[in-house]
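Q: Below are the sequence and a predicted model for it; my questions follow.
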Amino acid sequence: MIEVLLTAACLALAGALIYLRGNLKFQEAEVRRLQEAEQQRVELELTTLEREQRRSGEILDRMDEGVLVLDDALVPIKATAAARALLHLGQGRLPARLPSDEVLSVAKRALSTQGPTEQTISLWPAQSTLRIRALPLEDPAGVAVLFQDVTEELRTMRIRRQFVANASHELKSPVASLQALGEAIGEAARDDPETAIKFAAKLTRETERLSRLIADLLDLSKLEDPINLAARDTNLAAVARRQLAEIRSVAQAKDLSLVERLETGVLVRGDEQQLGLMLRNLLDNAVKYTPDGGVVSVEIFSDGADAVARVSDTGIGIPLNAQSRVFERFYRVDKDRSRGSGGTGLGLSIVKHVVELHGGYLGLKSQLGEGSTFTVRLPALGERSLKSVAS
């Protein structure tokens with residue numbers, strides 16, 4: 001009986017051991033499965049995190065605004081491509097100290113006040129103007145500095161203010177003249193009709209001058225918006241013929257000789273109306289400043305890949321020190337003479353805008369007392385375009 005019990009106990013113990021061994025293997029396999037699943041989850045999260053970091057870095061590097069991160073000791077630890085370019089830091093290792101004391105000063109204020117700080121600074125010798133904003137960071141402590149290059153924005157604002165001031169000044173003069181002449185006509189109409197007639201003629205001239213100024217201002221405003229460019233295949237010689245026909249009577253009144261050399265088939269891709277405006281202003285300028293009996297010549301020809309329009313005159317010429325400025329708005333070499341001839345000071349500026357809108361080049365050669373030559377080079381159309389337009 002005791003032997004039977006011992007045998008049964010041994011069998012039960014052996015079964016228990018087998019069960020425990022099998023359960024242990026199962027638990028080990030489950031642990032391995034859980035470990036592998038956890039490892040895969042961690043690897044996935046790390047991959048996602050790395051991808052997001054790369055994406056964030058790519059977005060920051062593609063921004064025009066620069067981003068610079070400094071630690072609490074104001075040592076640079078990270079900079080985007082734009083920040084490196086704006087601060088001239090290069091592509092290598094960041095310096096231990098920023099070269100700009102102005103940037104450091106703004107960052108230091110942000111750290112000390114624990115609040116955002118903004119300031120506009122100028123960097124030399126790059127002659128650039130930056131608008132910077134510094135934001136304190138908490139964990140880890142430091143400061144993020146954002147940079148925006150506002151050099152061109154400020155330059156545009158300065159040009160606009162100057163333009164408005166010049167336009168107001170130019171409009172003020174004929175308006176004042178119109179008012180004075182109107183009052184003079186009113187006073188002379190009864191007592192001195194002949195004087196009233198003279199004043200009326202002056203009034204008409206001032207009105208025409210004001211009308212030309214307003215027209216030039218409108219043309220210039222249209223040219224500043226590229227969306228107004230109605231590009232099409234345009235015959236440059238045909239445009240020149242129309243402008244010559246319009247100005248011929250003015251040239252004949254001054255006994256000027258108009259010499260034409262218009263090569264047929266010179267085509268460009270552009271706005272026919274604007275190209276006509278360009279040639280009209282060049283011709284008007286040549287006729288206006290060429291003394292009676294002089295010569296004004298117009299050439300349209302092909303030169304390699306360029307379509308060339310050239311207007312020359314035997315006029316008064318332009319001093320060398322003024323040649324770099326004649327294309328500026330309202331600039332006049334001789335203000336009294338220009339106003340006396342009815343000039344607005346915008347003609348050559350309009351020419352420059354048209355040429356630039358058409359991807360061309362504008363050149364000037366002039367000798368004081370001998371005349372001037374303006375040369376416009378525009379991209380010419382190829383043979384394929386020539387045949388399609390001809391058909």
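A: Alright, I've got the coordinates. Everything numeric here is computed off the predicted structure, so don't read it as measured data. Numbering: from 1, shown residues only.
Q: Please read off the pLDDT at the residue lying closest to Ala305 once chain neighbours are set aside from the model.
A: Take Ala305 and drop its neighbours on the chain: the residue closest to it by C-beta to C-beta, 6 or more residues apart in numbering is Ala380, 5.9 Å away. To be clear about C-beta, it is placed using only N, CA and C from the backbone, and glycine gets the same treatment. pLDDT recorded at Ala380 is 90.
Q: now the one 3 residues further on
A: Reported pLDDT at Glu383 in the predicted model: 47.
Q: thought the residue nearest to Ala305 was touching Asp306?
A: Yes. Judged on C-beta atoms under 8 Å, Ala380 makes contact with Asp306 at a distance of 5.8 Å.
Q: Identify the contacts common to these two.
A: A shared contact of Ala380 and Asp306, defined by C-beta atoms under 8 Å, 6 or more residues apart in numbering, is any residue touching both; here there are none.
Q: Show me the helices in the stretch 101-250 of the chain, by range?
A: Along the stretch 101-250 of the chain, the segments classed as helices by DSSP state H, counting those that start in this stretch run 101-113, 151-191, 193-223, 236-253.
Q: by contact count, what packs against the last one?
A: Right, the one you point to is helix 236-253. Helix 236-253 sits against strand 257-262, helix 272-288, strand 295-303, strand 306-313, with contacts defined as 3 or more C-beta pairs under 8 Å, 6 or more residues apart in numbering; DSSP states H and E.
Q: Pretty sure Gln91 is one of the things Arg84 touches, is it not?
A: Yes. Taking contact to mean C-beta under 8 Å, the distance of 6.7 Å between Arg84 and Gln91 places them in contact.
Q: neighbour count winner among those two?
A: Ranked by neighbour count (other C-beta atoms under 10 Å), Arg84 and Gln91 place Arg84 first, with 18 against 7.
Q: which SS state does the more buried one fall under?
A: Following DSSP: H, G, I helix; E, B strand; the rest coil, the label given to Arg84 is helix.
Q: quick one: average confidence on the strand or helix carrying Val42?
A: Assigned by DSSP states H and E, Val42 belongs to helix 2-62. The pLDDT scores in helix 2-62 average 68.
Q: could I have the following helix or strand past that helix exported to PDB, CA atoms only?
A: On the C-terminal side of helix 2-62, the nearest following helix or strand under DSSP H and E is strand 66-71. Provided in PDB are the C-alpha atoms of strand 66-71 (Å, rounded to 0.1, in the frame of the first residue of the first chain):
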ATOM      1  CA  GLY A  66      16.300  82.600 -40.500                       C
ATOM      2  CA  VAL A  67      16.100  80.700 -37.100                       C
ATOM      3  CA  LEU A  68      19.000  80.600 -34.600                       C
ATOM      4  CA  VAL A  69      19.000  78.800 -31.300                       C
ATOM      5  CA  LEU A  70      21.300  79.900 -28.400                       C
ATOM      6  CA  ASP A  71      21.800  78.300 -25.000                       C
END
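Q: who's in contact with the helix or strand following strand 66-71?
A: Using DSSP H and E, the helix or strand that follows strand 66-71 in sequence is strand 76-79. When contacts are defined by C-beta under 8 Å, 6+ apart, strand 76-79 is touched by residues 66-71, 87, 89, 94-96, 98, 142.
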